Each structure stands twice: as structure tokens, then as C-alpha cells.
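Enquirer: How does the following fold in three dimensions:
(one chain, ligands or ions: 1)
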Amino acid sequence: MTEAATEMAVDTAIKESAIKMRGTDVSVFYGEKQALFDVNLDVARNSVTALIGPSGCGKSTFLRCLNRMNDTIDICRVTGEITLEGENIYDPKIDVVELRARVGMVFQKPNPFPKSIYENVAYGPRIHGLTNSRAELDEIVESSLRKAAIWEEVKDRLHEPGTGLSGGQQQRLCIARAIAVSPEVILMDEPCSALDPIATAKVEELIDELRGNFTIVIVTHSMQQAARVSQRTAMFHLGKLVEEGVTDKMFTNPETKLTQDYITGRFG
Ligand SMILES: Nc1ncnc2c1ncn2[C@@H]1O[C@H](COP(=O)(O)OP(=O)(O)OP(=O)(O)O)[C@@H](O)[C@H]1O
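Expert: As a prediction, the model looks like this:
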């Protein structure tokens, strides 16, 4: 490495203290088929990390490793190590329910429970025993809906079904539901792909606000979205991590031709 390249590497690497999650040599197999190959990727605290790459490259697979969502797929096997604040989340002593409260998830398609808006948000805090009284629960529901930038739209209809909201509102309700259990990390798998441009802009704005309090990892097919919302980007291709680093740098001066070609729309 030249001196300038070394300097750049130091400049763009995440400082140890800023690492919230770290994947080391992560490989994932679905039965015989290997979907991820020795991925080494750090997730920076209080920032948004975008996972990009063509369809089938393993973005969602990696995302799901971060809260052991892959455990729910029988044929899926994960090797390597993933830490949260230095602790291996695949250690047998880890309580997976607790892990998923610390590392929450928002899915591609808004999926509110068939319950009221209030109950959608109150459910998590209640089952995790986070409140002692109805007043406390009311407070969590309100503050979560406020943080998810949907309070004003729903405050007068809290006891109406969550499924009666528009798609964009439903997605913000799902974000409020994720926030309600005070996670440290929020994983988002293409959270705007089912939304129109106005709802997408609202959710993107919200993501930017949330990074003050949470660490966010987002899978997106939209290069514009990755560039708008993330501070760091990781590019995957055929199950391998091709390149990762500061988003602005990756979009203006990528290290690999593969990334260059992908972000300029030559393939994918
Ligand atoms: N449940 C599963 N069973 C078997 N193979 C799977 C499963 N989920 C994903 N795969 C395979 O693993 C590879 C990576 O898939 P993954 O969904 O992680 O990619 P992706 O980059 O998120 O794709 P997309 O952008 O299309 O959502 C693909 O070859 C896919 O077919």
C-alpha cells in the first residue's frame, strides 16, 4: 500500500470504540449452497450503514445474521463470529428473544399486527416487561410514535386498526413498534420498496433522525437512497463483500471497478 493509500485506509476505517457490531469471517449456507463467503464487516455506532449489491448477492442474508433471524430457517447454517458490543451473539448463552429486542427489524412490506395502532406499539414493551403501569405504557406508545414521526397523524385514532393506515404510515408504525422496546440497532430490509416517493421521503427523513439514538443497517436497491441516508456503505457481489467504507467516498471514488459499474447502473 502506498503512504497515501495507508492514510486513506486509516481515515476511512471505523475506530474500535465506534464499532457497534462486527462480523468476522461470516459464511452462510442454505443446505449445500453457500450464500455468504467470509464476510468481514463492522457496523458503526449511531450511523446508517447501507448494504448494496445486485439481487441475490447476500445482502438480506447478512442483515438477518445480525439478529439471528436466519435461525428461523431450518436449512440455514452460519459460521464465523458476529459481535454486539464485543459479545458473540451466536454464543449458546445468548437469549435470542432478548437479542432481537436489542437488534430490532423492519421488513420490506409493512406488517402491522391485526390490532389497534396503540396495541401494535404497546405489544413489545408489554411482553418484555418494560412497564409497570398503564400510564408508563401510554408514555412509551406516545414517545415511540413521536420518534417515528407519525404521532400527529394517529393521535386521534390510536384505537383503530393499524392495518387501516396508508402503506407509508404502516411502515412508520412498524418503525415505532421496533423503537418501542428501545433497541440499540435497527435492521431495515428495503423498508421503502413498497412505498410511493412521498412516503419514501418521509421514511428516509426519519432514518436520518433516528441515527442520533440508534445504529441502523439498511438493505437497499436504490443507489440514490444509499447515498441519501447512509454514512457508510458495503457492496456485496455473489456472496462476497467487495468493498466497504464512507458512503461519499464510495459513490465518488470507489476502489473497485465492480462497485463503479454497479453504482453507475451498468449491471444489477
Ligand atoms: N431461505 C432460503 N433458502 C434457500 N436459499 C436462500 C434462502 N434465502 C436466500 N437464499 C439464497 O441465498 C442467496 C442470497 O440471497 P439474499 O436474499 O440474501 O440476497 P439479496 O442480495 O438480499 O437479494 P435481493 O436483493 O434479491 O433481495 C441467493 O442465492 C438466494 O437464492
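
Enquirer: shaky segments in this protein?
Expert: 1-12 (pLDDT under 70).

Enquirer: That one: strands as residue ranges?
Expert: In the chain, the strands defined using DSSP state E lie at 19-30, 33-44, 48-52, 76-84, 87-88, 103-106, 185-189, 215-219, 232-237, 240-246.

Enquirer: Tell me which of those sits most buried.
Expert: Stretch with highest mean neighbour count among these: strand 48-52 (a mean of 27; mean count of other Cβ atoms under 10 Å). (Glycine included, C-beta is placed from N, CA and C.)

Enquirer: what would the strands of the chain look like in a markdown table with distance to R134?
Expert: Below are the strands of the chain laid out as a markdown table (distance: least, Cβ to Cβ, whole Å):
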| stretch | distance to R134 |
| --- | --- |
| strand 19-30 | 33 |
| strand 33-44 | 36 |
| strand 48-52 | 35 |
| strand 76-84 | 32 |
| strand 87-88 | 34 |
| strand 103-106 | 24 |
| strand 185-189 | 26 |
| strand 215-219 | 31 |
| strand 232-237 | 41 |
| strand 240-246 | 45 |
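
Enquirer: quick one: which of these is nearest I150?
Expert: For the strands of the chain, the distance to I150 is smallest for strand 103-106, at 13.2 Å, taking Cβ to Cβ.

Enquirer: sorry, back to before: got the strands of the chain as TSV, with distance to the ligand columns?
Expert: Converted to TSV, the strands of the chain look like this (distance: least, Cβ to the nearest ligand atom, whole Å):
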stretch	distance to the ligand
strand 19-30	3
strand 33-44	4
strand 48-52	8
strand 76-84	7
strand 87-88	22
strand 103-106	14
strand 185-189	8
strand 215-219	6
strand 232-237	6
strand 240-246	11
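
Enquirer: give me every residue that touches the most centrally placed residue in the chain.
Expert: The centroid of the chain falls nearest to L187 when counting by Cα atoms, centre = their mean (2.1 Å). Shown in contact with L187 (Cβ atoms under 8 Å, 6 or more residues apart in numbering): 63-64, 66-67, 103-106, 216-218.
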